[in-house]
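[1] Fold the following.
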Amino acid sequence: MSSNSIKLLAPDIDCGLAQLVSKRLGVNLTPVEMKRDFSGEVSFNIGESIRDEDIYIIVQIGSGVVNDRVIEALIMINACKTASARRITAVLPNFPYARQDRKDKSRAPITAKLMADMLTTAGCDHVITMDLHASQIQGFFDVPVDNLYAEPSVVRYIKDNLNVKESIIISPDAGGAKRAAGLADRLDLNFALIHKERARANEISKMVLVGNVVGKTCIIVDDMADTCGTLAKAAEILLDNGANSVIAIVTHGVLSGNAINNINNSKLDRVVCTNTVPFEEKAKLCPRLDTIDISPVLAEAIRRLHNGESVSFLFKKETI
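    From the prediction side, this is the model:
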């Protein structure tokens, strides 16, 4: 791939996924310098000219440092804009504040819309993300948004690592039923649903299984694993209803709070996350964590976008 008209940027402290994408594309990461002074303010500098270049800014946003990563992304975008870049694409595999996509109570903000406004105001011309928590977030933007899917990579992982014929797909809640049904159709499997009732936020009062899992390997699929309390309780219910084993496959492994303890103390055989969120340090504390690399999908999306090719090809086809 020609490097004459494309530049990949990432914060120095957060270039694990960016390095993988860089290798796939054969384009070196553009040198940047990001510092924080004693007051916490960020200073940023790009090490070479990007005038009239096609810029892709790759930022992984994980738990604990969400707001820091957001402001870093905004500063990088604005720096590229003022440096006369031709087009600026923000590659945010895990879109920040995606769960705050609607006004679910009086006087509550729609923070996902605020994120969209800030990105476009900073100078973003295009957004690439993956498995948005709510697809309507794409409508919050006045610029194009490509919402990629981890499903093809998940299908490949299941075929390579599990006995597909003895498996069943599980949705941990009613909201994920469409995702589970789509994956089950691709694998020619049945799927079951766990209905959960919450007493209050992040606290589940009751979970009920709808479906037959006797003698099956249960594959719980979800878009995000936060504290993993839901996954741990779901595993107990599935095993109590005759399942042989339970694994969870999620796109965004946020793994905040007591997530690692919850996994280690649970009956889950394995929790598989894509590397949209960096969790290498947490993986050292939890041998049950496994990773699906989605850098090939992001790299191909960038290549196709840069060359004016269809990105929808990636929605169903796995990138090798």
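[2] So which residues of the stretch 1-150 of the chain form helices?
    16-25, 66-82, 111-122 (DSSP state H, counting those that start in this stretch).
[3] Check the stretch 201-320 of the chain too.
    With DSSP H, counting those that start in this stretch as the criterion, the stretch 201-320 of the chain has helices spanning 229-240, 259-264, 280-285, 295-307.
[4] ok so, going back, same list (the helices of the stretch 1-150 of the chain) but as a markdown table, adding distance to residue 138.
    C-beta here means a position set from N, CA and C on the backbone, and glycine is covered the same way. Formatted as a markdown table, these follow (distance: least, Cβ to Cβ, whole Å):
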| stretch | distance to residue 138 |
| --- | --- |
| helix 16-25 | 22 |
| helix 66-82 | 18 |
| helix 111-122 | 9 |
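[5] Reformat the ones you listed as TSV; add mean neighbour count and distance to residue 158.
    Below are the helices of the stretch 1-150 of the chain laid out as TSV (neighbours: other Cβ atoms under 10 Å; distance: least, Cβ to Cβ, whole Å):
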stretch	mean neighbour count	distance to residue 158
helix 16-25	19	22
helix 66-82	19	30
helix 111-122	18	30
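[6] Nearest to residue 52, out of the helices of the stretch 201-320 of the chain?
    With Cβ to Cβ as the criterion, residue 52 lies closest to helix 295-307 of the helices of the stretch 201-320 of the chain, at 13.9 Å.
[7] I'd like the helices of the stretch 201-320 of the chain written out as CSV, with mean neighbour count and distance to residue 89 added.
    Shown next, in CSV, are those (neighbours: other Cβ under 10 Å; distance: least, Cβ to Cβ, whole Å):
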stretch, mean neighbour count, distance to residue 89
helix 229-240, 20, 33
helix 259-264, 20, 31
helix 280-285, 13, 25
helix 295-307, 21, 7
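[8] and these, which one's lowest on average pLDDT?
    With a mean of 88, helix 280-285 has the lowest mean pLDDT of the helices of the stretch 201-320 of the chain.
[9] hey, C-alpha coordinates of it in CSV?
    Once non-C-alpha atoms are left out, helix 280-285 reads as follows in CSV (Å, rounded to 0.1, in the frame of the first residue of the first chain):
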residue,chain,number,x,y,z
GLU,A,280,-3.0,-6.9,28.5
GLU,A,281,-2.2,-6.1,32.1
LYS,A,282,-5.6,-7.6,33.2
ALA,A,283,-5.0,-10.7,31.2
LYS,A,284,-1.9,-11.4,33.4
LEU,A,285,-4.2,-11.6,36.4
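[10] Relative to the whole chain's centre, how far out is it?
    18 Å (Cα atoms, centre = their mean, to the nearest Å).
[11] ok, and what's touching it?
    Residues outside helix 280-285 that contact it (Cβ atoms under 8 Å, 6 or more residues apart in numbering): 16, 255, 259-260, 264, 289, 291.
[12] Stretch 144-161 now?
    Under Cβ under 8 Å, 6+ apart, the answer for stretch 144-161 is 126-132, 135, 137-138, 164, 167, 179, 182-183, 186-187, 219, 221, 249, 251, 272, 274, 276, 292-294, 297-298, 301, 305, 311, 314-319.
[13] Residue ranges in the protein under the pLDDT threshold?
    Along the chain, the parts satisfying pLDDT under 70 run over 1-4, 13-14, 197-205, 318-320.
[14] okay, now the domains of it?
    As recorded under automatic domain parsing, the domains making up the chain are 6-149+295-315, 151-291.
[15] Start and end of the shortest one, how far apart?
    In domain 151-291, first residue to last residue: 14 Å (Cα to Cα, to the nearest Å).
[16] What of stretch 93-105?
    With Cα to Cα, one end of stretch 93-105 sits 28 Å from the other.
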